[in-house]
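[1] Next one to model:
(one chain, ligands or ions: 2)
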Amino acid sequence: MALVVGITGGIGSGKSALTNYLEARGITVVDADLAARVVVEPGQPALEAIAAHFGRDILLTDGGLDRAALRKRVFDDPGERRWLERLTHPLIGEEIERQLAASTSAYTVLSSPLLLEGEQSRWTDLVVVVDVPVETQVARTMARDDNDEAQVRRIIAAQMERDQRLDRADIIIDNSGTLADLEEQAAELHKELLARAELG
Ligand SMILES: CC(C)(COP(=O)(O)OP(=O)(O)OC[C@H]1O[C@@H](n2cnc3c(N)ncnc32)[C@H](O)[C@@H]1O)[C@@H](O)C(=O)NCCC(=O)NCCS
Ligand SMILES: Nc1ncnc2c1ncn2[C@@H]1O[C@H](COP(=O)(O)OP(=O)(O)OP(=O)(O)O)[C@@H](O)[C@H]1O
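    Ligands and ions are numbered 1, 2, ... in the order given. Take a look at the predicted model:
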């Protein structure tokens, strides 16, 4: 397969803001969070397993997953989070592999908050980390989502520490500035990745 670039960063670091830029330039972006939604769609065995484990209250009236309710359950209880991960991560991995194999763009991006926590980096040739201070992660996530501060901090606590993640980076994108600053770095990154893809 052609060059696969992993993009990671904690919750609210700006992965989607970066990958939107690359996607708009024709690059296929495989998004682990979106793959995670596919595997629990109504009709999927994983959704049945979740309802059997957490109780049918975890479903909305239309039969879909109540994501806000499950978010609360799993980030309040690491044991329940691990149970959910053991169920879904292998399925998410299969979905990611399927999407990577279908890509025909000059290079392909795998964007995942958990790229370095598990085994997802085995699919990538290099790792780009989108980095912001934890306080910025908290502020931007709260502004975007219906999450209180304690919940956001619990999610951050379930992820790799900032320094550890930075240690694993081949390229670091500093997203502590404005969206215009990010766009400038995205343009540079795109140029660099096209050049690397060409070198094969
Ligand atoms: C708990 C769920 C239902 C909450 O859904 P919700 O729509 O509120 O959030 P969404 O899926 O968009 O995730 C938002 C962010 O939470 C963080 N996050 C999600 N799952 C995890 C996890 N297992 N560990 C650490 N952080 C996580 C990520 O930064 C992610 O970008 C959902 O996150 C889930 O199914 N998680 C388990 C699958 C998983 O690990 N996904 C991460 C990508 S592999
Ligand atoms: N440089 C920036 N300045 C101001 N706001 C920003 C900047 N970068 C991103 N944002 C905003 O911060 C929020 C989080 O960014 P984004 O959704 O791209 O993060 P993410 O890493 O994809 O998060 P998640 O892991 O939760 O999917 C979004 O509302 C986004 O528009």
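[2] Quick check on Phe54: phi, psi?
    phi -90, psi -10 (degrees, to the nearest 10).
[3] same deal with Gly14?
    Per-residue torsions, Gly14: phi 120, psi 20 (degrees, to the nearest 10).
[4] how many neighbours does the nearest residue to it once chain neighbours are set aside have?
    In this structure, Gly14 finds its nearest non-sequential neighbour in Asn175, 4.0 Å apart by Cβ to Cβ, 6 or more residues apart in numbering. (Each C-beta comes from the backbone N, C-alpha and C, glycine too.) Asn175 has 24 neighbours, counted by other Cβ atoms under 10 Å.
[5] mind checking how far Ala51 is from Ala69?
    Using Cβ to Cβ, to the nearest Å, we find Ala51 at a distance of 11 Å from Ala69.
[6] How about Thr141?
    Thr141 is 18 Å from Ala69, where distance means Cβ to Cβ.
[7] ok, the two, which is more surrounded?
    In this view Thr141 and Ala69 are compared by other Cβ under 10 Å, and Thr141 has more residues nearby, 20 against 15.
[8] Please, which helix or strand holds the more buried one?
    Thr141 belongs to helix 134-144 when assigned by DSSP states H and E.
[9] anything in that helix sitting right up against ligand 2?
    Yes: using Cβ under 6 Å from any ligand atom, helix 134-144 comes into contact with ligand 2 via 140, 144.
[10] now check that helix, is it near ligand 1?
    No: counting by Cβ under 6 Å from any ligand atom, ligand 1 is not contacted by helix 134-144; separation bottoms out at 8.2 Å.
[11] which residues touch the helix ranked longest in the chain?
    In the chain, assigned by DSSP state H, the helix with the most residues is helix 78-101. Outside helix 78-101, the residues within contact range by Cβ atoms under 8 Å, 6 or more residues apart in numbering are 1, 4, 28, 30, 32, 35-36, 38-40, 46, 49-50, 53-54, 70, 73-75, 108, 110, 112, 118-120, 123, 158.
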